[in-house]
Structures are given as C-alpha cells and as structure tokens.
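K.L.:
Dropping a prediction and its sequence here:
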Amino acid sequence: MEVVIVPDAKAGGVLIAETMARLLRRKPDALLGVATGSTPLPVYAALADQVRSGAVDASRARIAQLDEYVGLPAEHPESYRSVVRREVLEPLGIGMDAFMGPDGTAEDIPAACEAYDRALAEAGGVDLQLLGIGTDGHIGFNEPCSSLASRTRIKTLTQQTRVDNARFFDGDIDQVPHHVITQGIGTILEARHLVLLATGEGKADAVAATAEGPVAAVCPASALQLHPHATVVVDEAAAGKL
Ligand code: GLP
C-alpha cells in the first residue's frame, strides 16, 4: 500500500483525477468504480475540469457504482444512482448506458447482488476503484466485522453510519434507510487499482487503522493492505494520527 499525503482535499482530488485521466488515455473504455459521500467530490470536479480543457476524453469510460440504499426509488435525489448521475455521469458526459450499479429496488435483493457481481466480472472487472472511508473504517457499506472475503450483498447500517449520513436527508435520521447493497470487500479487492481518499480530522483514526493497524475485519479498509496496488491519498488532517 502506498500512502500519499497531500496538503488538502482539492490537491487530493487533482492527484486522483490525474491518475484516472492517465488510465483513460491508455484505456478509453476503462471501467471506473466510483464512490459516493462528500470526499470524492473534488476528484469528480477535477476530472470534469480535465474533460472541459480537452486534457482527457471520458466519453467512452464506463462507470460502476460501489453501493446503494435498499428501498429508495432510483429517482430519489439521494439514491446513489441519482448521486452518481449528478456528480459523475453528467459532468463527464457519460450516458446511463455506460453505467452499472446494484439495484436497491429489486424484489429479490440476494439475486440482484449476485447479478451485480456477475455483471462486474463480465464487464472485465473494475480497472480503478475509488473509495472513501467511513469514520469507523468502512469501505462501500462494509461495516466493521464484514468478512474480508465478502461478495456483493445486503447489509444493515450501523447507527453511526446512519447518523453520519443523515446530513444528506435534511439531518433527519429517520429518513436514512436501514439497509443497503454493497460490493463486498472480496469484490472490491478484485479491482486492478484501489484508490482511497480520506480528508479531514474526523477520518484520522480510521486512516491510521487502515494503513498501520493489523489487517482485521474491525477496520474493513485495512483489507487494502492485502491488495497489490492500493493507493491511499490523505490530506494533512486525515494523516494526523499516522
Ligand atoms: C458512505 C458511503 C461510502 C463513503 C462514506 C464516507 O457510507 N457508502 O462509500 O466512503 O459514506 O462518506 P464521506 O466521504 O461523506 O465522509
């Protein structure tokens, strides 16, 4: 695992967008795995800048989503499908036909999870998976004590994650779904390059456990230590406990 410390979130975004742009120049139809939450937004903004300036063409890129709430209609503004459309696909000029994501409204959720894992493999696998990290060390929605070999599946959110995510639902925790579909840790580890971005003091404990703690299910992100090509980009605040 390489750890790169940058001055601030914007610099982290620029650095990762450059990595993505290099990949897209080499492989224009690369499958980019994207994450939601606030942390990756500077990455998407920087990549959109690169597209606008003509430094890279993202129009053939394919986008795969990491996780999704169960039971939120796809058109709900906070469904991760809507968030990815708004923050990634539209600014980069990528159509929905190049998008894949778990179906949180499926009648048969376990079947939808299996179908998504299969679809990722059939698409040739994720070339670069961007990850954020929860304050408790979760990646995707793999909460602490998730199996390090887990596949895409339904999970119940911890109270802490629902509290953390209530800000996207007018601060009202009752609106935050209890269940989600997430790529498993084993699924995530199959991506060719993992890039985790963490910014802000609130992530410092999780970052220290990820990079310097034991590989253990209590900190799901520590599984990145097992990956042959994992890059952890942190700003100075998030690096505060390394
Ligand atoms: C959610 C998402 C994760 C994300 C995390 C942190 O739980 N499922 O993919 O990493 O939030 O979000 P933020 O970047 O807003 O702190």
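P.N.:
Happy to help now that I have it. Residues are numbered from 1 along each chain as shown.
K.L.:
quick one, what contacts residue 33?
P.N.:
Residues in contact with residue 33, defined by Cβ atoms under 8 Å, 6 or more residues apart in numbering, are 63, 64, 65, 66, 126, 128, 129, 130, 183, 188, 191. From N, CA and C alone the C-beta is placed, and that goes for glycine too.
K.L.:
top of those residues by neighbour count?
P.N.:
Neighbour counts for these, by other Cβ atoms under 10 Å, peak at residue 183, which reaches 31 neighbours.
K.L.:
pretty sure that one is touching residue 154, no?
P.N.:
No. Using Cβ atoms under 8 Å, residue 183 makes no contact with residue 154, being 12.0 Å away.
K.L.:
quick one on the thing from earlier: and the two most separated of the contacts of residue 33?
P.N.:
Pairwise distances across the contacts of residue 33 (Cβ to Cβ) peak at 15.5 Å, for the pair 63 and 188.
K.L.:
ok so, going back, go through the contacts of residue 33 and flag which are in strands.
P.N.:
63, 64, 65, 128, 129, 130 (DSSP state E).
K.L.:
Local confidence estimate at residue 83?
P.N.:
pLDDT for residue 83: 97.
K.L.:
So it belongs to a strand, correct?
P.N.:
No. In this structure, residue 83 is helix, not part of a strand, as judged by DSSP: H, G, I helix; E, B strand; the rest coil.
K.L.:
Look up how far residue 23 lies from it.
P.N.:
Remark: distance between residue 83 and residue 23 (Cβ to Cβ, to the nearest Å) = 22 Å.
K.L.:
what number of residues lie near the closest residue to residue 29 other than its chain neighbours?
P.N.:
Residue nearest to residue 29 in three dimensions, not counting chain neighbours: residue 60, with 4.6 Å by Cβ to Cβ, 6 or more residues apart in numbering. Neighbour count for residue 60, taken as other Cβ under 10 Å: 12.
K.L.:
Distance check, the residue lying closest to residue 173 once chain neighbours are set aside against residue 157.
P.N.:
Distance criterion Cβ to Cβ, 6+ apart; nearest residue to residue 173, sequence neighbours excluded, is residue 166 at 4.4 Å. Distance from residue 166 to residue 157, counting by Cβ to Cβ: 11 Å.
K.L.:
the more surrounded of the two?
P.N.:
Using other Cβ under 10 Å, the more surrounded residue of residue 166 and residue 157 is residue 157, with 22 against 15.
K.L.:
Tell me how far the more buried one lies from the ligand.
P.N.:
Applying Cβ to the nearest ligand atom, to the nearest Å, the value for residue 157 to the ligand is 8 Å.
K.L.:
so that residue sits right up against residue 173, yeah?
P.N.:
No. At 10.4 Å, residue 157 does not count as touching residue 173 under the criterion of Cβ under 8 Å.
K.L.:
which neighbours do residue 166 and residue 157 share?
P.N.:
Each of residue 176 lies in contact with both residue 166 and residue 157 under the rule Cβ under 8 Å, 6+ apart.
K.L.:
Excluding covalently adjacent residues, which one is nearest to residue 49?
P.N.:
Counting by Cβ to Cβ, 6+ apart, residue 49 lies nearest to residue 17, which is 7.5 Å off, once chain neighbours are set aside.
K.L.:
Tell me who's in contact with that neighbour.
P.N.:
43, 44, 46, 47, 49, 50.
K.L.:
got it, and residue 117?
P.N.:
151, 152, 183, 184, 187 are the contacts of residue 117 under Cβ under 8 Å, 6+ apart.
K.L.:
again, only using 7 Å
P.N.:
151, 152, 187 (Cβ atoms under 7 Å, 6 or more residues apart in numbering).
K.L.:
Having no further points to raise, I will conclude here.
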